[in-house]
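Peer 1: pasting the sequence and the predicted model now:
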Amino acid sequence: MEHEITLVVNGAARRVRVPARRLLSDCLRHDLGLTGTHVGCEHGVCGCCTVLLDGEPVRSCLTFAVSVDGREITTVEGLAGPGGMSPVQRAFGECHALQCGFCTPGFLCTVTALLRDNPSPTEEEVVEGISGNLCRCTGYQNIVKAVHRAAELIAEEGR
């Protein structure tokens, strides 16, 4: 049985028909063509599929699409503003906080929410804040640097 749902994705209302068991990650990727959300472990462990649901990070591989009918979803594609990349995206590039890039969309969504809630995190708060996202390439040092750099960029833009 299929259900017609409306998702507000990256600021635009999108109607889609999905089976009751369709995961949000599959809906975003296959039904809406937003392939920036990556699917890694499919068990909610790696964080690659993290998107923002009403501003909060969630694992889209553990979320049924029908359960978020009418709610606001921000994917990595929606992080950039009219002026280009977001401060978090720019900081990840400046600090070389990615290698293969597979985990990057999940990190970008997670860090966006982290810095919204804590604009000036300590090293320990950054490590705790990103602990639900796994990276097999970077060793995390540059990711942590990128979070601090993003905080600086956000503060500079706020001045």
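Peer 2: Nice, I can see it. Owing to the predicted nature of the structure, the values given are computational and were not obtained by experimental measurement.

Peer 1: quick check, central residue of this protein?
Peer 2: residue 109 (2.5 Å; Cα atoms, centre = their mean).

Peer 1: enumerate every residue touching that one.
Peer 2: Neighbour list for residue 109: 50-52, 57, 74-76, 79 [criterion: Cβ atoms under 8 Å, 6 or more residues apart in numbering]. Every residue, glycine included, has its C-beta placed from N, CA and C.

Peer 1: nearest to residue 34, of those?
Peer 2: In terms of Cβ to Cβ, no member of the contacts of residue 109 lies closer to residue 34 than residue 75, at 5.2 Å.

Peer 1: number of nearby residues for the closest one?
Peer 2: 25 (other Cβ atoms under 10 Å).

Peer 1: before we move on, the earlier item: would you convert the contacts of residue 109 into a markdown table that also reports pLDDT, secondary structure and distance to residue 138?
Peer 2: Formatted as a markdown table, the contacts of residue 109 follow (pLDDT from 0 to 100; DSSP: H, G, I helix; E, B strand; the rest coil; distance: Cβ to Cβ, whole Å):
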| residue | pLDDT | secondary structure | distance to residue 138 |
| --- | --- | --- | --- |
| 50 | 98 | strand | 16 |
| 51 | 98 | strand | 21 |
| 52 | 98 | strand | 22 |
| 57 | 98 | strand | 19 |
| 74 | 98 | strand | 23 |
| 75 | 98 | coil | 22 |
| 76 | 98 | helix | 17 |
| 79 | 97 | coil | 19 |
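
Peer 1: how far does the host helix or strand of the residue nearest to the centre of the chain sit from the chain's center?
Peer 2: Assigned by DSSP states H and E, residue 109 belongs to helix 104-117. Its chain's C-alpha centre and that of helix 104-117 lie 6 Å apart, by Cα atoms, centre = their mean, to the nearest Å.

Peer 1: circling back to that earlier point, how much space separates the residue nearest to the centre of the chain from residue 24?
Peer 2: Applying Cβ to Cβ, to the nearest Å, the value for residue 109 to residue 24 is 13 Å.

Peer 1: same thing with residue 111?
Peer 2: 20 Å.

Peer 1: between these two, which is the more surrounded one?
Peer 2: With neighbours defined as other Cβ under 10 Å, residue 111 and residue 24 compare such that residue 111 has more, 30 against 26.

Peer 1: now do the contacts for that one.
Peer 2: 88, 129-130, 146-147, 150.

Peer 1: of those residues, which belong to strands?
Peer 2: Using DSSP state E, no member of the contacts of residue 111 sits in strands.
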